[in-house]
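1. Requesting a structural model of the entry that follows:
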Amino acid sequence: MTFKITKIRTFKMTKTINILLSGILMLSIALGATGCSDNFLTTVPKDRISSVNFWTNERDFETALNASYERMVGVDLNPMYFDGATEIGYSHADWMRQHEYVMGRADALSGWSADIWSRNFTGISRANEILAQLETVNDGVLSQEAADRIRGQALFLRGYFYHELLWMFGGVPVFTSVPTVEEAREVSRDSREEVYDRIMADLSEAASLLPLRSELPSDQYGRATRGAALGYQARTALYEASWQEHHENNQSRANELYRIATDMTQAVMDLDEYDLHPNFRELFTYAGEQSEEIIFDYQKVSGQNGWHAWLGFAPSSMGSNVDVEPTRELVDRFPMEDGLPIDESPLYDPTPPRITYDADGNPTVATLGMYDNRDPRFYGTILFPGGEFNGIIYNSYPSCNSGAPDGYCSPTSDRILISDYNNTYTGYIAMKYVDPQDQSAPTNSGLNIIKMRYADILLMYAEAKAELNELDASVNNAIREIRDRVNLPMPQDVTTMSQQEAIEFIRNERTIELAWEGLHLADIRRWATAEDVLNGAVHGIEIADGSGGFEPVPGQHIRSFEAPRDYLWPIPASERDLNDNLDQNPRY
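-> I've put the predicted structure just below:
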């Protein structure tokens, strides 16, 4: 399969025009404190890195690749912050950077989207520099095998960053090398189709050059592979298919793209390289690293580039600030252990858990109520009142000093309190990426961040097939494989559902399987459902209402989403100040 490139620019713009490889490529001349010599302009600096003494061996290219990979992550790009900008996540702290976005107040001066734009374009710039250097590298520096592997990774990285920019901002400038200042100030945005074509061409060539996961040396784990390139082709095609269907009303083009997504996911499955990890909860802990389920993840090493997984998301009583927490809207999506939704299953008990304490302060969970007999993935995703974690019974009910009744109050520091902005306010805690091994170093987690895993491939395949109304046994088998991992029955064979029933079922399965992995914001945008789920308050645990009953805690912040404006982020004002050819997205 080939992809037409309708336009290729041979230059590229970033927020800071001259960014190449920060800390790696510093093209400069060493000036002495006094005097100079006749050969000053031709002397190769010996005290710093330049293009003359860099790119001289394979390790230099690997270092440059690392600098491009590094742009994939950061505090702003950790997956849970993206879910925190949807109905399945909530932050009580109004200073979190995603807050103005869920409140409908983001504009071209907003920092989160501007920084994400910058990080992605910097990653593209670094990939482009590597590709350019491969064209001019001296003979004998790289073997053909090494050159192919390096080129494949650089193409994958450029495709990855453009994929991110496309779903966030729509059409953006497409560049394949670094621009001059003059060129950067004149460039305009390419269309969605042109960006899509560039992504698919880059990833297609990358797939032809990259090794299989099983062929990677152990010290290369985490670098892009053929499976990752194929997987991102699938994700890009699926995302764009949904956009064409739900935002452009172009069903014919959408169907073409759904077909490509089906083909690409099938290609990943046909590699026979991946399988579901047997323990769902374990997959997001140190015990799950290098699992056969992981197609692509960003490598973290404690003490080198560790991140604040524990400080940001563990229970408050264990030293966390709880930056983002799950919502009742997510909790209620998880079915019961019989496979049925909570409003259809006879196993569902709508009452909240009851937690009592003896004279010594030791807790006993009298009943789990609504959290009993749930989909096992629920327990691997969400910690709730009455749940056990790290040797304690978690209790986030209001304080026992607040007048809350016995059994439904908390004597612990995990209690919810509207004035406590360094704690959960929904009463829930996310369990993914929270490993007790990190408690002693809460800002220095070495947990790798999963960017794509095999369950997502199965779900993308099922979604694309359902959108094409091809509800055959392969669709049912894809979903059954995911549920079989946790011994969860299917509520109904997918082949017996209507097309719309199947689409809704698969969307829900995708939401609960991949919750807290940073994909839901892109999903509700491409499905055009954000306007339905992001207006109003989110909710949390059930608490006593003061009249003998219970009611869910409402989030303090009333969210707002303006369609169609908020389906894309604004082009940063800092970019348009430098270049007025960059048209702004509508209504910003």
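
2. List the buried residues of stretch 212-222.
-> For stretch 212-222, the neighbour count (16 or more other CB atoms under 10 Å) marks R213, L216, G222 as buried. Bear in mind the C-beta positions are built from the backbone N, C-alpha and C, glycine included.

3. For the last one, list the residues it contacts.
-> By CB atoms under 8 Å, 6 or more residues apart in numbering, the contact set of G222 is D297, Y298, Q299, N448.

4. which residues touch the one helix or strand the first one maps to?
-> Taking DSSP states H and E as the definition, D297 sits inside strand 294-298. Contacts of strand 294-298 from elsewhere in the structure, counted by CB under 8 Å, 6+ apart, are 69, 72-73, 213, 222, 224-225, 227-228, 231-232, 268, 274, 283, 288, 448-454, 456-457.

5. Figure out how far the lowest-mean-pLDDT helix or strand in the chain is from the centre of its chain.
-> The weakest-scoring helix or strand in the chain, judged by mean pLDDT, DSSP states H and E, is helix 181-184 (a mean of 83). Its chain's C-alpha centre and that of helix 181-184 lie 32 Å apart, by CA atoms, centre = their mean, to the nearest Å.

6. same deal with stretch 201-209?
-> Computed by CA atoms, centre = their mean, the separation of stretch 201-209 from the middle of its chain amounts to 22 Å.

7. ok, now stretch 135-152?
-> For stretch 135-152, the distance to the chain centre is 32 Å (CA atoms, centre = their mean).

8. So which bits of that stretch are buried?
-> Buried, per 16+ other CB under 10 Å, within stretch 135-152: V137, V141, L142, A147, D148, R149, I150, R151, G152.

9. swap in stretch 541-557?
-> Within stretch 541-557, the residues that count as buried by 16+ other CB under 10 Å are I541, E542, I543, A544, P552, V553, G555, H557.

10. Could you identify the most distant pair in those?
-> A544 and H557 (22.8 Å; CB to CB).

11. Wait, L134 touches R151, no?
-> Yes: contact criterion CB atoms under 8 Å: L134 and R151 qualify, at 5.7 Å.

12. Please name the nearest non-neighbouring residue to the residue most central in space within the chain.
-> For the chain, the residue nearest the mean C-alpha position is G518 (3.1 Å; CA atoms, centre = their mean). Sequence neighbours aside, P79 is the residue nearest to G518 in space, at 2.7 Å (criterion: CB to CB, 6 or more residues apart in numbering).

13. Show the model's pLDDT score for the one you found.
-> We have a pLDDT of 91 for P79.

14. Return the residues in contact with it.
-> Contact analysis of P79 by CB under 8 Å, 6+ apart lists I449, I450, W516, E517, G518, L519.

15. Can you add secondary structure, distance to G171 and pLDDT and give those back as JSON lines?
-> Output for those, formatted as JSON lines (DSSP: H, G, I helix; E, B strand; the rest coil; distance: CB to CB, whole Å; pLDDT from 0 to 100):
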{"residue": "I449", "secondary structure": "strand", "distance to G171": "28", "pLDDT": "97"}
{"residue": "I450", "secondary structure": "strand", "distance to G171": "29", "pLDDT": "98"}
{"residue": "W516", "secondary structure": "coil", "distance to G171": "30", "pLDDT": "96"}
{"residue": "E517", "secondary structure": "coil", "distance to G171": "26", "pLDDT": "98"}
{"residue": "G518", "secondary structure": "coil", "distance to G171": "23", "pLDDT": "97"}
{"residue": "L519", "secondary structure": "coil", "distance to G171": "22", "pLDDT": "98"}
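
16. so what are the domain limits for this protein?
-> Residue ranges for the domains of the chain, per automatic domain parsing: 1-26+57-154+175-187, 304-447+535-560.

17. Span of the last one from start to end?
-> Counting by CA to CA, to the nearest Å, the length from the leading to the trailing residue of domain 304-447+535-560 is 39 Å.

18. Can you show me the helices along the stretch 351-500 of the chain?
-> 376-381, 454-467, 473-484, 499-513 (DSSP state H, counting those that start in this stretch).

19. From the rest of the structure, what touches whichever helix or strand comes after the longest one?
-> It stands for helix 499-513. Remark: after helix 499-513, the chain's next helix or strand is helix 520-526, criterion DSSP H and E. Identification of contacts with helix 520-526 by CB under 8 Å, 6+ apart yields 82-83, 85-89, 167, 239, 242-243, 246-247, 507, 510-511, 514, 530, 533-534, 567.

20. Could you rerun that using 7 Å?
-> Outside helix 520-526, the residues that touch it by CB atoms under 7 Å, 6 or more residues apart in numbering are 82-83, 85-86, 88, 167, 239, 242-243, 246, 510-511, 530, 533, 567.

21. cool, stretch 225-240 as well?
-> 156, 159-160, 163, 167, 196, 199-200, 203-204, 206-207, 210-213, 216, 257, 260-261, 264-265, 267-268, 271, 273-274, 295-296, 452, 457, 460, 463-464, 522, 526.
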